[in-house]
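[1] Mind looking at a prediction? Sequence and model below.
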Amino acid sequence: MDLTGAIWRKSSRSSGNQGDCVEVADNLPGVVGVRDSKDRHGPALTFTPHTWRSFLAYAKRS
């Protein structure tokens, strides 16, 4: 998946002490990218917007 042009933002739930940090790019059509902010050139997971919204809804309930 080509994530060129992705605008990454740190999750509001990520810790601010250089610990476990997740970045999300949701500005691309049809895809949401998720990556580890400590490894910005490493792999990224991709999801459809529907799948990402479902995951967020489930995570908020937990």
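    Nice, I can see it. Numbering: from 1, shown residues only.

[2] For the residue nearest to Thr51 when sequence neighbours are not counted, name its beta-bridge partners.
    Nearest residue to Thr51 in three dimensions, chain neighbours excluded: Val32, at 7.9 Å (C-beta to C-beta, 6 or more residues apart in numbering). Quick note: C-beta positions are derived from backbone N, CA and C, even for glycine. Beta-bridge partners of Val32, counted by DSSP bridges, are Phe47.

[3] Val32: what's it in contact with?
    24-26, 46-49, 51-52 (C-beta atoms under 8 Å, 6 or more residues apart in numbering).

[4] Might one say that Lys10 is in contact with Asp20?
    No. Checked against C-beta atoms under 8 Å, the pair Lys10 and Asp20 is beyond contact range at 11.1 Å.

[5] quick one: the residue nearest to Thr51 and Met1, what's the gap?
    11 Å (C-beta to C-beta, to the nearest Å).

[6] okay, and the common contacts of those two?
    Thr46.

[7] before we move on, which element is Leu56 in?
    Element membership of Leu56 [criterion: DSSP states H and E] is helix 49-61.

[8] other SSEs contacting that helix?
    Contact partners of helix 49-61 among helices and strands, from 3 or more C-beta pairs under 8 Å, 6 or more residues apart in numbering; DSSP states H and E: strand 32-36.

[9] how far off helix 49-61 does the strand it packs on point, in degrees?
    Comparing the axes of strand 32-36 and helix 49-61 via axes from the mean of the first three to the mean of the last three C-alpha atoms, to 10 degrees yields an angle of 50 degrees.

[10] Mind listing what's buried along strand 32-36?
    32-35 (16 or more other C-beta atoms under 10 Å).

[11] Okay, now the unreliable bits of the protein?
    The model of the chain has pLDDT under 70 over residues 13-19.
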